[in-house]
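Novice: build me a model:
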Amino acid sequence: MSEYRRRSARVLVVDNADRVLLIKFLKSAKRWKRGHDWITPGGGVQDGEPLSTAASRELLEEIGLAVTPEELGEPVAYASGHVEFSWLQGTVRDDFFYHRVDAHDVDTSRMEKLELRHHGGHKWWTTDELLATTETVYPLELVPLLTELLAGRVPTDPVRLPWHH
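Specialist: Purely as a prediction, here's the structure:
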């Protein structure tokens, strides 16, 4: 077994207006009042699956965006830490890719049933909106990372972002 209990491949999808796409994740599939977080598209990596393949698969499934693993390249950031959820306990790691699009109309028709139960919509965010929001956005420290990426400074090694649980 790997050192991580779960790996996730996530993508910072940014449009030509320099907005990042985030998905509204409902904390409870049954109760809206438990709140929500904003997260990047992406999800769990299957055993033996390359990170870029998982990220490509998740983009098509969650937002209807067809991108090859080669187009995604290498991760630009990661966050890792311990979680204790009812469905998962242990050390997890999220790897983040960066992908530019001119524009994209989100299509959730390929989402799995569990994802649909937690899906509360989506929004394209500017960095100014991210700085001003009081809502919870993951990954933490997204704005400094986006600022670097939008300026054309893509890191040669993935940047470590703070863990959030």
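Novice: so where does Gly81 fall, helix or strand?
Specialist: For Gly81, the host element (DSSP states H and E) is strand 77-84.
Novice: that strand: what's the following helix or strand?
Specialist: Sequence-wise, the next helix or strand downstream of strand 77-84 (DSSP H and E) is strand 89-100.
Novice: check which residues of stretch 72-80 are buried.
Specialist: Within stretch 72-80, the residues that count as buried by 16 or more other Cβ atoms under 10 Å are Leu72, Pro75, Val76, Ala77, Tyr78, Ala79. Using the backbone N, CA and C atoms, a C-beta is placed for each residue, glycine as well.
Novice: among the residues you listed, which one lies nearest to Glu135?
Specialist: Nearest to Glu135 among these: Ala79, at 18.1 Å, using Cβ to Cβ.
Novice: wait, the closest one sits on Arg160?
Specialist: Yes: between Ala79 and Arg160 there is a contact at 7.3 Å, judged by Cβ atoms under 8 Å.
Novice: quick one: which helix or strand includes Ser8?
Specialist: Here Ser8 is assigned to strand 6-14, by DSSP H and E.
Novice: which strands or helices does that strand pack on?
Specialist: On a contact count with 3 or more Cβ pairs under 8 Å, 6 or more residues apart in numbering; DSSP states H and E, strand 6-14 meets strand 20-26, strand 42-44, helix 51-63, strand 89-100, helix 142-150.
Novice: give the closest residue to Leu60 in space, chain neighbours not counted.
Specialist: Ala66 (5.5 Å; Cβ to Cβ, 6 or more residues apart in numbering).
Novice: any regions of this structure where pLDDT drops low?
Specialist: Confidence mapping of the chain against pLDDT under 70 gives the ranges 1-2, 4-5, 26-34, 82-90, 111, 113-121, 165.
Novice: residues touching the spatially most central residue of it, list them.
Specialist: Nearest to the mean C-alpha position of the chain, counting by Cα atoms, centre = their mean, stands Thr40 at 2.6 Å. By Cβ atoms under 8 Å, 6 or more residues apart in numbering, the contact set of Thr40 is Arg10, Val11, Leu12, Val13, Val20, Leu21, Leu22, Ile23, Phe96, Tyr138, Pro139.
Novice: for these, which one is nearest Asp47?
Specialist: Nearest to Asp47 among the contacts of Thr40, counting by Cβ to Cβ, is Arg10 at 18.3 Å.
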